[in-house]
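Peer 1: When you get a sec, could you give me coordinates for this:
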Amino acid sequence: MTAAFHIDVPHIDGTLAVIALSGDFDITTAPAVRARALELIAKGHADLVADLASVTFCDSSGLGALIGIWRCAKDADGSLTLAAIPDRLGRLLSVTGMDTFLPAHPSADAALAARQGNPTTA
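Peer 2: Here you go, the predicted model:
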């Protein structure tokens, strides 16, 4: 059974926005995540923090959505930073090499603090 999925945007400040995901990030939900992130980028919030603390499952569709969001943010002179990556997803990011270009922080608050302290490396 698929866990209920939600997309929230708990923080917007200038070019920065946090998109918080909860539930299963899979083939069913990835298109909605991508669409919401691209909407934020189009509205001028090209620096995104994806808060993954409540993600219960992520498949290749979720990984593909993260790559697509990263590319679109980069094309808009923005960035994608990951926060609170669940262990299993962290291993997938490592195995696929995505951890080399997607910065990660232990929490959304830590990611926001890093962005405010040095926006070019967070």
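Peer 1: Please count neighbours and contacts with C-alpha atoms only from this point.
Peer 2: OK.
Peer 1: what packs against the longest helix along the chain?
Peer 2: The helix that spans the most residues within the chain, counting by DSSP state H, is helix 60-75. Here helix 60-75 is seen to pack against helix 30-42, strand 79-83 when contacts are counted using 3 or more CA pairs under 8 Å, 6 or more residues apart in numbering; DSSP states H and E.
Peer 1: residues making contact with it?
Peer 2: Judged by CA atoms under 8 Å, 6 or more residues apart in numbering, the contacts made with helix 60-75 from elsewhere in the structure are 25-27, 29-31, 33-34, 37-38, 41, 46-48, 79-80, 102.
Peer 1: coming back round to it: among the helices and strands packed on helix 60-75, show me which one is buried the most.
Peer 2: Across the helices and strands packed on helix 60-75, averaging neighbours per residue (mean count of other CA atoms under 10 Å) puts strand 79-83 on top, at a mean of 25.
Peer 1: Residue 21 - nearest residue in space that isn't next to it in sequence?
Peer 2: Computed as CA to CA, 6 or more residues apart in numbering, the closest residue to residue 21 that is not its neighbour in sequence is residue 7, at 4.9 Å.
Peer 1: Also residue 45?
Peer 2: Taking CA to CA, 6+ apart as the measure, residue 45 lies nearest to residue 15, with 4.0 Å between them; neighbours along the chain are not counted.
Peer 1: What of residue 10?
Peer 2: Skipping the residues right next to it in sequence, residue 10 comes nearest to residue 18 by CA to CA, 6+ apart, at 6.2 Å.
Peer 1: who's in contact with the one you found?
Peer 2: If you count contacts by CA under 8 Å, 6+ apart, residue 18 has them with 9, 10, 11, 12, 48, 49, 50, 51, 108.
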